[in-house]
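Peer 1: missing the sequence, but the structure's below:
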């Protein structure tokens, strides 16, 4: 247990004997954005930032939670509903507890302390990391024996039901199943997944934070999902086999372009082409062709900006400036959009040049950039005897 988490747990709940400590990482999407809720393909990887949760079982049904970094404490009872309108961290922690209670898996209360290093609201899945770390601790505390896919599904359901975000399963899946030095190719229809080795060979993934924050539940993200569903309804009238945008090809889209309003056609074109880019990106990694991988990243960003319309001027400027740097192979928006971060594929020797190029755009490189060095994976790290 880290000293900070141990000190906070002791301060609020006493001797931590019997507590379980778990960590879950944030993620960055290398390619495959807004395809997960369309039954498509995604290619995320974990980062070297995480959320740590310390939890211990109680003998009653009281649930007490402390957010160590924020200095906040909330209490609840397993028999009482939580405030679904709370836009902070509460739904992601108590939501996991209450969902497991509703499913008959958790019958006693719990004391929880959490802290994290994943920037909040930056598109790096701090919420999924918090959900997964909470689920991991409860799994160990209550001997639930949840398999990784079931845990990811649970956490996805929590984000949809308690936080009101109509997300796909990519974030929770990546946080729970991600592995160091690998990307994770996920088929979001079948939930089949495989680890894809990342032969970076003198390159680094560099995350640059635009500093622009957005609230997922209050943004246009849910609207984009509705638009995709509307497009499927229209396309199904002319192609009955279509059940999601996963079933649509570029040829089908071109053939039935007149069926869709221009905005829905553009949304579809992004999703369909992005699915193709994910598969091509995996082939590029298998061939160790990083320049090709980088070109796909750039194409993905322009598709997100022009067709899906989820970028932001500050993010676009960062991408446009980054790809002017010799040694930057690829750059794109990562996360749901409307702000947040970019992910950049950069030769190690070019990182200082990228930093210099970013100085007019971001006020503190050390605080608003992450050079991924040792990606983490979700795990129980300690059981206090």
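Peer 2: Nice, thanks for sending it over. The structure presented is a predicted model; accordingly, all values stated were derived computationally and were not measured.
Peer 1: please count neighbours and contacts with C-alpha atoms only from this point.
Peer 2: Fine.
Peer 1: does residue 47 belong to a helix, a strand or coil?
Peer 2: For residue 47, the secondary-structure state derived from DSSP: H, G, I helix; E, B strand; the rest coil is strand.
Peer 1: tell me the secondary structure for residue 331?
Peer 2: Under three-state DSSP, residue 331 comes out as strand.
Peer 1: which residue sits closest to it, ignoring its sequence neighbours?
Peer 2: residue 344 (4.3 Å; C-alpha to C-alpha, 6 or more residues apart in numbering).
Peer 1: residue 206 is in contact with the one you found, correct?
Peer 2: Yes. With contact defined as C-alpha atoms under 8 Å, residue 344 reaches residue 206; the gap is 5.1 Å.
Peer 1: which residues of the chain score low on pLDDT?
Peer 2: Confidence mapping of the chain against pLDDT under 70 gives the ranges 1-3, 84, 86-87, 214-219, 385.
Peer 1: which parts of it are helices?
Peer 2: Secondary structure of the chain (DSSP state H): helices at 3-13, 90-102, 126-141, 148-162, 170-177, 221-236, 250-255, 262-286, 290-306, 313-322, 351-358.
Peer 1: for residue 185, find the nearest of those helices.
Peer 2: Among the helices of the chain, the nearest to residue 185 by C-alpha to C-alpha is helix 262-286 (7.9 Å).
Peer 1: which other helices and strands contact the closest one?
Peer 2: Counting contacts by 3 or more C-alpha pairs under 8 Å, 6 or more residues apart in numbering; DSSP states H and E, helix 262-286 packs against strand 20-31, strand 41-57, strand 193-197, helix 221-236, helix 250-255, helix 290-306.
Peer 1: and residue 341, how far is that from residue 126?
Peer 2: Per C-alpha to C-alpha, to the nearest Å, residue 341 is found 13 Å from residue 126.
Peer 1: nearest spatial neighbour of residue 121, chain-adjacent residues omitted?
Peer 2: Leaving aside its sequence neighbours, residue 121 sits nearest to residue 213 (C-alpha to C-alpha, 6+ apart; 5.5 Å).
Peer 1: can I get the helices of the chain in JSON lines with mean neighbour count?
Peer 2: Shown next, in JSON lines, are the helices of the chain (neighbours: other C-alpha atoms under 10 Å):
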{"stretch": "helix 3-13", "mean neighbour count": "16"}
{"stretch": "helix 90-102", "mean neighbour count": "22"}
{"stretch": "helix 126-141", "mean neighbour count": "28"}
{"stretch": "helix 148-162", "mean neighbour count": "21"}
{"stretch": "helix 170-177", "mean neighbour count": "30"}
{"stretch": "helix 221-236", "mean neighbour count": "17"}
{"stretch": "helix 250-255", "mean neighbour count": "13"}
{"stretch": "helix 262-286", "mean neighbour count": "21"}
{"stretch": "helix 290-306", "mean neighbour count": "21"}
{"stretch": "helix 313-322", "mean neighbour count": "19"}
{"stretch": "helix 351-358", "mean neighbour count": "17"}
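Peer 1: report the contact partners of residue 137.
Peer 2: Residues near residue 137 by C-alpha atoms under 8 Å, 6 or more residues apart in numbering: 20-22, 53-55, 380.
Peer 1: farthest pair in these?
Peer 2: The largest separation in those, counting by C-alpha to C-alpha, is between 55 and 380 at 11.2 Å.
Peer 1: neighbour count: the two, which is higher?
Peer 2: Using other C-alpha atoms under 10 Å as the criterion, residue 55 and residue 380 rank with residue 55 on top: 26 against 19.
Peer 1: so the nearest residue to residue 127 once chain neighbours are set aside versus residue 133, what's the distance?
Peer 2: Distances taken as C-alpha to C-alpha, 6+ apart place residue 92 nearest to residue 127, at 6.4 Å, with adjacent residues excluded. Distance of residue 92 to residue 133, given as C-alpha to C-alpha: 10 Å.
Peer 1: same thing with residue 140?
Peer 2: Distance from residue 140 to residue 133, by C-alpha to C-alpha: 11 Å.
Peer 1: and if you look at residue 201?
Peer 2: 31 Å.
Peer 1: who's in contact with residue 263?
Peer 2: Neighbouring residues of residue 263 by C-alpha under 8 Å, 6+ apart: residue 307.
Peer 1: okay, now the residue nearest to residue 98 when sequence neighbours are not counted: neighbour count?
Peer 2: Here the nearest residue to residue 98 in space, its sequence neighbours aside, is residue 78; by C-alpha to C-alpha, 6+ apart that works out to 6.3 Å. When neighbours are counted by other C-alpha under 10 Å, residue 78 registers 22.
Peer 1: pretty sure residue 78 contacts residue 100?
Peer 2: No. At 9.9 Å, residue 78 does not count as touching residue 100 under the criterion of C-alpha under 8 Å.
Peer 1: related to what we said a few turns ago, measure the residue nearest to residue 331 to residue 294 for me?
Peer 2: According to C-alpha to C-alpha, residue 344 and residue 294 sit 8 Å apart.
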